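Chemist: model this:
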Amino acid sequence: MSTQIQTTTAGSLPRTQKLAEANAVRPVAEDGFTFQTNDEFDALVEEAVTDVVKQQVDAGITVVGDGEFGKAMSPGHDFGAWWSYSFQRTGGLSLPPKDAPMPEPVRSSPGNVRLTSMADRRDWTRFAQAYFDPTAGVLFGETPYWPEVTGPLSYRGHDLVSADTRHLRAALEANGLQDGFITALAPGSAARIGNSYYATEEEHIWAWADVLREEYKAIIDAGLILQIDDPSLAESWDQINPEPSVADYRAFIQTRIDAINHAIEGLPEDRIRFHLCWGSWHGPHTTDLEFTHIVDKMLEINAGEYSFEAANARHEHEWKVWKDVQLPAGKKILPGVVGHSTNVVEHPDLVAERIVRFAELVGPDNVIAATDCGLGGRVHQQIAWAKLDSLGEGARRAADLLNG
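Modeler: This next block holds a predicted model:
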């Protein structure tokens, strides 16, 4: 039987102009950070999901997602929905006053690793001139204004996740497909907002684990694949100031790994995939932690598949870690072979070479070729779809190479 290489994305895909415009004018609830819902917008999302699934199929993507089209973005901000959507679905949050002072930088010490404020990240402070120079191409934008935890966390997103699963199931049926995936936030990433209710960081993270388990279970119960997004597992390294020891950092992320495993306990591993990245913003990333220091920790997560960046200039060389790391039996990797951090569209031959590297190390049946991170909001939609075309063609060429 000849080898075939499966393909997928990391989640977010470019929203249509119609959907983006409709999202921009949605009425905001009294809390100031969630949207009011209506049947007209719901119907628009369902149509858009069906279309984006067809576009993925046409590009050669074999494991499709909903593009995160049902996930609300923060009112007044152009942030990706991968994180901010959770505000809409979680009780116990409230906005701080508009005139509240910005959080002070937090300093860590050996054995006491703590996240500092977002503005105090080592990457952003090291390249401050570049980030605030509009000609430099790495400008992040205005200071984020996020809610904080002010009461006991609870899940209130039942209707919204039900809509997500319903829309994707309808899209799969319309396109003659059986399987697809929906993304959901990891507890450690969710817990990076402010907390004035829980006594400790650990309590805060574990409360998120209990809340998010409801969403995880709803996705799997709908017969879909769950993707857990947790950039914080790698990205938090840059948000610790000064730089910690690797040993202290590994201890720091263990709580987050344990929280994920608690949240997915009893759920089928073969229906769960985990996404790790170093943050999707367009910046230098010179303070990224090397993959070799955390790859074994990633594999402690009880998922069946692992997605990670492997195409961008900061992390492409790290395919070599799989020379020394044994992929557990029955597991698969989803390496990024096209990236979100450049407008240059990867040549299909380069995509094929990247795929073959991994296939020769872990076996072609254990590789699903993917994007580094979500493409929606990171590159123009024309470029995003050109990249997915290259991904699909690159996978076909990789299969040819592997088949000899």
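Chemist: Only C-alpha atoms from now on, for both contacts and neighbour counts.
Modeler: OK.
Chemist: Give me the neighbour count for residue 69.
Modeler: As a burial measure, residue 69 scores 27 neighbours (other C-alpha atoms under 10 Å).
Chemist: Next up, phi/psi of it, please.
Modeler: phi -70, psi -30 (degrees, to the nearest 10).
Chemist: element containing the residue nearest to residue 334 when sequence neighbours are not counted, please.
Modeler: Nearest residue to residue 334, sequence neighbours excluded (C-alpha to C-alpha, 6 or more residues apart in numbering): residue 307, at 4.3 Å. Per DSSP states H and E: residue 307 is located in strand 305-308.
Chemist: which residues touch that strand?
Modeler: Residues outside strand 305-308 that contact it (C-alpha atoms under 8 Å, 6 or more residues apart in numbering): 10, 270, 272-277, 298-299, 331-336, 370, 372-373.
Chemist: these two touch, right, residue 270 and residue 303?
Modeler: Yes. Here residue 270 lies in contact with residue 303, judged by C-alpha atoms under 8 Å, at a distance of 6.9 Å.
Chemist: which one of those two has more residues nearby?
Modeler: residue 303 (24 against 15).
Chemist: Look at the more buried one and tell me its secondary structure.
Modeler: coil (DSSP: H, G, I helix; E, B strand; the rest coil).
Chemist: if I look at it, how far off is residue 292?
Modeler: Using C-alpha to C-alpha, to the nearest Å, residue 303 is found at 19 Å from residue 292.
Chemist: can you pull the contacts of the spatially most central residue of the chain?
Modeler: For the chain, the residue nearest the mean C-alpha position is residue 229 (4.0 Å; C-alpha atoms, centre = their mean). The contact partners of residue 229, taken as C-alpha under 8 Å, 6+ apart, are 82, 183-186, 189, 274-276.
Chemist: Most neighbours among those residues, please name it.
Modeler: Ranking the contacts of residue 229 using other C-alpha under 10 Å puts residue 186 first, with 29 neighbours.
Chemist: which ones are touching that one?
Modeler: Counting by C-alpha under 8 Å, 6+ apart, residue 186 has contacts 209, 212, 228-230, 260.
Chemist: mind redoing it with 10 Å?
Modeler: Taking C-alpha atoms under 10 Å, 6 or more residues apart in numbering as the criterion, residue 186 is in contact with 83, 205, 208-209, 212-213, 216, 227-233, 256-257, 259-260, 263, 274-275.
Chemist: Distance check, residue 343 against residue 17.
Modeler: Distance from residue 343 to residue 17, by C-alpha to C-alpha: 20 Å.
Chemist: One more: residue 108?
Modeler: Counting by C-alpha to C-alpha, the gap from residue 108 to residue 17 is 44 Å.
Chemist: the more surrounded of these two?
Modeler: Higher neighbour count among residue 108 and residue 17: residue 108, with 16 against 10, using other C-alpha under 10 Å.
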